[in-house]
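1. Take a look and give me a structure for this.
(chains A, B and C, ligands or ions: 2)
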Amino acid sequence: MTALAVEIERSDSEARRHFTVEVGEPTMVLDVLLALQRTDASLAFRYSCRVAMCGTCTIRVDGRPVLACRTPVLLGADGLLLEPLAGLPVVRDLIVDTTPFSTAWRSVEPWFTPRADAEPRVLAADDPSREAIESGLDCISCGACWTACDLAGAEHRFLGPAALNRAMTLAADARDGARDRRLRLVSQEGGVTRCHYIHGCSGACPKGIDPAASIRRLRRWSIGAGR
Amino acid sequence: MSALQVVFVAALTALLLGVVLFSAFTVRAALVVRPTTARGSWLVRIGRASNRDVQRWAFVAHRATGVAVFAFLLLHVFDVALFTLSPARFDDVHELYGTAPMRVFECLLFFAILFHTFNGLRLVLLDVAEIRLSTARRLLHVAVALTAVAGTAASVVILKPVVA
Amino acid sequence: MPGADAPLPVLETDVAIIGSGGAGLMCALHAAAADPRLSITIVSKGAVGRSGCTRMVQGGFNAVLGEGDSLESHFRDTLEGGHYLNDQELAWTLVNEAPRVIQELEEQFGCLFDRTATGELDLKPFGGQSFDRTVHRADQTGLEIMSRLRDQVFRIGARELEDWRALDLLFDQHGELSGLTVLDTRSGQAAVMLARVVVVATGGSATMYRIAAPAREKTGDGVAMCYRAGLELRDMEMLQFHPTGLVAGTSALTGTVLEEGLRGAGAQLRNRLGERYMERVDPERLERSTRDVVARASYTEIVEGRGTPAGGVLLDISHLGAAEVERRFGEMAARTRLIGADLAVGPVEVSPTAHFHMGGVVIDPDCLTSVHGLLVAGEDSGGTHGANRLGGNGVAESTVFGARAGETAAAIIGGRGLYMPEPELVAASVERAYAPLRREGGQPPFALTDRLKDTMWVHCGLVRTREGLLQAREQLAELAKESSRVAVAGPRDANPAWQQAIDLESQLTVARLIVESALVREESRGAHFRADFPERDDESWLRAIVVERGRDGEPELTTRPVELTRLATGGRMLEQA
Ligand SMILES: Cc1cc2nc3c(=O)[nH]c(=O)nc-3n(C[C@H](O)[C@H](O)[C@H](O)COP(=O)(O)OP(=O)(O)OC[C@H]3O[C@@H](n4cnc5c(N)ncnc54)[C@H](O)[C@@H]3O)c2cc1C
Ligand code: FES
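-> Ligands and ions are numbered 1, 2, ... in the order given. Modelled structure (predicted):
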C-alpha cells in the first residue's frame, strides 16, 4: 500500500479538495473515488458497469478524459488531479450533464432504417461493408472524444466526433435505407466540414475507435452522394 | 543600419513576436482549455504527452508554422515590392538577408515551411485515402523526419557562407 | 426539507417503464409500434440504455437458428439447466420467440452480429447446451444490442427520465394501480407519476454479495417494490453464481465476469496444484458443464484450500494462441492486463461471482401479474430459468419478454384510466426516501452495505446450511434495525451516498427473501445447494417456493408444485400444442 495525493475539482468551493488515499495493486481511478467517498460522503461521481461498457464514469484524470474504471493508478505517481469532463455543463463535482452530447447524437438520426426496396440483406464475415462498420461500432457514448475535441461543445455547433462516427457506421451499412438523407444531414453546418483535423478524439477514445478517420470517410462520401 | 533596415528589422521582430504569442496561445489552449496532462509546468506537460497526442501536437505545430509562414510572406511581399520603388532601397533591405542572424531565421523559416508542407500533404492524404490511425501517426513521423533531414541539409547550405 | 411538505410535482403518462435495460427499451419500442399515439415514459436510475446488465452481456444470445437445431432441444436444455423448476410456459415462450427477436434486432434495428464467410450467423458454443446456438458480436454482444435499441428509442421520442429512480408503486383507495413515486436523483426532487400501465424492468438484483458482477443500479428495487405492493415472488432462493469472476484484490474489478464463451471455446480451470478439477466433478462436460456445477466446484476447491492465495482458481485459454484470444475475447484480455495478468498468454485468477437472480415476480407469458395494469419483464420476473439460468438465456429473456410487455401494455391500456393515488402511500414512500437525509447523527450506508454483502456471501452463497441461514437471518434483522439509523449529510442533489442508502433498503428486503426461501428448500437444486441436504429430491421438492408479504408485514412462504405442462422430468416431451 502506498499513499497517494488526490486533488478533486469540486462544485462547492467550500468542499474538501485534497485527499490522501492508501492504494494497493491493482487500483483503478474508480477505486480511488469509491475509497474517497467513504472519507467524504458528499463526493459526487457517476459509474455503473466497472468494465468499460456503460461509458458513464468518464472524467478528466490529470487533464485527460478517460474512463475511471479503466484507468490504472500508477503507484509512485506524484498525485492525481480529477476533474469533470470539459465542454459539458457540470451537475455536481465530477458529474456532468451529457445532454449536449446526446442532442448531437440524436441529430444525425442515429437509428437504423431498414431498406424499403429490397429483401433484408445479410453481411457475411468478409463483406467490405462490415469492416467499415466495425471500425466504428463499439462506441460506448462515454464523451471522452467530446471533451478531447477543441470544437465540440465550445459554441461551434459542431456535432462532435461520436455522433459523426455513428453516422459513418450507418452510412457504411449496406442494409441501411437512409444513407442519402444522413449524408445530407452531416454535410450541413456543424457537420463533417467543421472538423479541424485535431485528432483529439482519436487520441482519447478508450475503445480505440478513430472517429477522425470516420469523419474523413463520411466527408468523402458526402461529397459523392449527399448533396 | 539604414532607416529602412531598422524598419524592416522592427517589422520582422513584431511579426515574430506575434507568431510566438499566437503559438503560445494555441499551445495553452491545447493544454488547459482541453486535455492532455494538466499538472506541472507547460514544459513538463508537453514532455509527458504520449504518442496518443502526437496528432494533436501536429495540429498545434501546423497552425503555428502556418501563421509564421503567412506572416513572413506578408512582410516579404512588401520588401520585394520595394524594387518597384527603387532598386537601391531593395538592395539596401536585402543586404540584411545575408547577415548571420537572418540566415538563422531563414533556417527556422525553412523548417516551418517544410513541416507545414509535409504535414499538409499528410492531411490531404488522410482526406482522400482510407488510412488507419497507426498509419496516420507513422506518416506524421515520416513528415517530421523529412522536415528534419531536408531542413538540416538546407540549413547547411544557408549557413555555410557565414560559418566559413 | 422541501419535497415532502410542499406539494409534489405530478407527471402523467400512458405507459411508465421502469428501467432502460434490454427489457425496458424493447418494451418501449414495442409499445410504440403497437400504438404510436401512446405517451411512453422511461424512468431510468442510470443512463438510458447505458445502465443495467444487458449492455454488459459479453457472451451472447441463445436462439434456435442453426441448421439441425430445434426449439425442442433448446427448451430441453433450458429445463435441464433449470433442474425442472422452470415455469414451462415461460421457458417455452422464451425459446419460441428468441429467433424472431434476433431477426428483429438484425433486420429492423440494424444489430450487426458475427456471421461466417458464407453469411450464416456465427453460433458459438455455451455451457450446458447440446447445440451451438449463441448469437454474438465478438465479446460485445450486449453493447451492440443496447446501443441499437437506444438509437431506436431516439426515433420514437419517448420521454426519458434519466437518473430518475422509481421508489414505490401507488394505488388508489380501491386498490387500483395508479402509478408510482419517482425521485430525480440529480436534483433530489421527488414526484408522483400517474400511469395507466406500469412496467417493472429494473433488472433484478445480485449485488448483495461480496463478490458480484452486476451493474451498480441493480439493487433489487423492482422486486422489493413489487413485494411491498403485495405481489407474489417465486424462486427467490435461486441466485446464480457465475463461475468465472475476476479476482483483483480490493479493486471494483473484482467480481466482473469473464464470459461463458471462454469455457465454450475450451478454457480450462485448474486449482493451485495444477489439477483440472472438472475432470473429477463432471468428466463428461468438463468446463462446459452448467454454471451451478462449475461455480460450486471452484468454490469447493477454494474453501478446501486448493485455491490460490488470493482465493481463486486459475482459468487458462492461452492454448488458443494470443492472436486468437485477442480477436475473440479482446475486451477481457485488455481487462486482465490492467491487473497484471494476461488472458491471451497465461492463466488468470477467477472466483465464482454473484451474477443473476432467477427468482422474481410471478408473471404469465404476457408479463401480466396479479395486479391489473402492472407488468413485469426481464430479470425482475421469476420462473423462466428455474433453478439455474443457461448462459445466453438472460439477454434472450429480457428482450423477448420486454417486447411482449410492450405489446401487452398497448393491448390492455384501453381498459385503464388514471387513478388518484392514496395520499398516505405517497407520503410514506417519499418519507422513506428522504429519511436518511433528515436523520442526524447516523452513519452513511457504506459499512452496512459491506456487512450485508459479507453476510450473504458467507451464509447464503454457493453452499448453504440451516445453521448458516439462521445466522444470516439474525444478522439481516440486525442490519435492518441499524439501517433505520443511516444518515447522509447531503446535499440532496446528485448524491450517490444518499442513493446508496435507499439501495440498501431494497437490498435488505431482497436478501431477507432469499434467506427465508433458502431455509425452506430442504434439498439441493441448481444454484441452491444445501450441504445438509445435498441431494436433489424430485419427490417432495419439484415445487416452487412462493413468497408474499403477509398482513403483518412479514414474509409469508408457501410452496406450489411445478406444472410439467410440456416436458416431464425424465426428459420426455408431453403431448402439447
Ligand atoms: C456481466 C454480465 C454478463 C452477462 N452476460 C450474459 C450473456 O452473455 N448472455 C446472457 O444471455 N445474459 C447475460 N447476462 C444476464 C443479462 O444481462 C440479464 O439477464 C439481462 O440483461 C437483464 O435485463 P433487464 O432488462 O431485465 O435488466 P438490465 O439490463 O439489468 O436493466 C436494468 C435497468 O433498470 C434500471 N433500474 C434499476 N433500478 C431502478 C429503479 N429503482 N428505478 C428506475 N430504474 C431502475 C437500471 O438503471 C437499468 O436501466 C449477463 C449479466 C451480467 C451482469
Ligand atoms: S463504469 Fe461503466 S465505463 Fe466505467
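
2. Quick check: the residue of chain A nearest chain B.
-> residue A:63 (3.0 Å; CB to the nearest CB). (Each C-beta comes from the backbone N, C-alpha and C, glycine too.)

3. who's in contact with residue 97?
-> Going with chain A. Listed by CB atoms under 8 Å, 6 or more residues apart in numbering or on different chains, the contact set of residue A:97 reads A:88-91, C:186.

4. Can you look at chain C instead?
-> Here residue C:97 is in contact with C:400, C:403-404 (CB under 8 Å, 6+ apart).

5. With neighbour count, distance to residue C:247 and secondary structure as added columns, please give those residues in a markdown table.
-> Formatted as a markdown table, the contacts of residue C:97 follow (neighbours: other CB atoms under 10 Å in any protein chain shown; distance: CB to CB, whole Å; DSSP: H, G, I helix; E, B strand; the rest coil):
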| residue | neighbour count | distance to residue C:247 | secondary structure |
| --- | --- | --- | --- |
| C:400 | 30 | 34 | helix |
| C:403 | 25 | 37 | helix |
| C:404 | 25 | 38 | helix |
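
6. ok, of those residues, which one's closest to chain A?
-> residue C:403 (16.8 Å).

7. contacting residues around the closest one?
-> Contacts of residue C:403 (CB under 8 Å, 6+ apart): C:26-27, C:29-30, C:97, C:101, C:104.

8. Please convert the contacts of residue C:97 to CSV, extending it with distance to residue C:385 and pLDDT.
-> CSV is the format used below for the contacts of residue C:97 (distance: CB to CB, whole Å; pLDDT from 0 to 100):
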residue, distance to residue C:385, pLDDT
C:400, 12, 98
C:403, 18, 98
C:404, 16, 98
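
9. where does chain B have low pLDDT?
-> B:31-50 (pLDDT under 70).

10. where exactly do the helices run in it?
-> B:3-28, B:42-48, B:54-85, B:87-94, B:100-128, B:133-163 (DSSP state H).

11. same thing with chain A?
-> A:29-39, A:99-107, A:128-134, A:144-148, A:161-171, A:179-186, A:200-204, A:211-221.

12. Just name the most buried of those helices.
-> Of all those, helix A:144-148 has the most neighbours on average by mean count of other CB atoms under 10 Å in any protein chain shown, namely a mean of 30.

13. Average pLDDT for that helix, rounded please.
-> For helix A:144-148, the mean pLDDT works out to 93.

14. can that helix be found next to chain B?
-> Yes - contact of helix A:144-148 with chain B (CB under 8 Å from any CB of the partner chain) involves A:147-148.

15. And that helix, how far out from the chain middle?
-> A distance of 6 Å separates the centroid of the chain from that of helix A:144-148, by CA atoms, centre = their mean, to the nearest Å.

16. what packs against that helix?
-> In this structure, helix A:144-148 packs against strand A:58-61, strand A:64-67, helix A:161-171, helix A:200-204, with contacts taken as 3 or more CB pairs under 8 Å, 6 or more residues apart in numbering or on different chains; DSSP states H and E.

17. one more time with 7 Å, if that's ok
-> Contacts defined by 3 or more CB pairs under 7 Å, 6 or more residues apart in numbering or on different chains; DSSP states H and E place helix A:144-148 against strand A:64-67, helix A:161-171, helix A:200-204.

18. which stretch among the helices of chain B comes nearest residue C:319?
-> helix B:133-163 (28.7 Å; CB to CB).

19. Check which residues of that closest one are buried.
-> Of all the residues in helix B:133-163, those buried under the rule 16 or more other CB atoms under 10 Å in any protein chain shown are B:133, B:136-137, B:139-140, B:143-144, B:146-147, B:150-151, B:154-155, B:158.

20. Next up, identify which helix or strand the residue in the stretch 1-150 of chain C positioned nearest to chain B is on.
-> Relative to chain B, the nearest point of the stretch 1-150 of chain C is residue C:138 (18.7 Å; CB to the nearest CB). Secondary structure from DSSP states H and E places residue C:138 outside every helix and strand.

21. And residue C:375, by the same measure?
-> Assessed by DSSP H and E, residue C:375 sits inside strand C:374-376.

22. Contacts (any at all) between ligand 1 and whichever helix or strand comes after that strand?
-> Where DSSP H and E defines the elements, the next helix or strand beyond strand C:374-376 is strand C:381-382. No - judged by CB under 6 Å from any ligand atom, strand C:381-382 stays clear of ligand 1, getting no closer than 8.2 Å.
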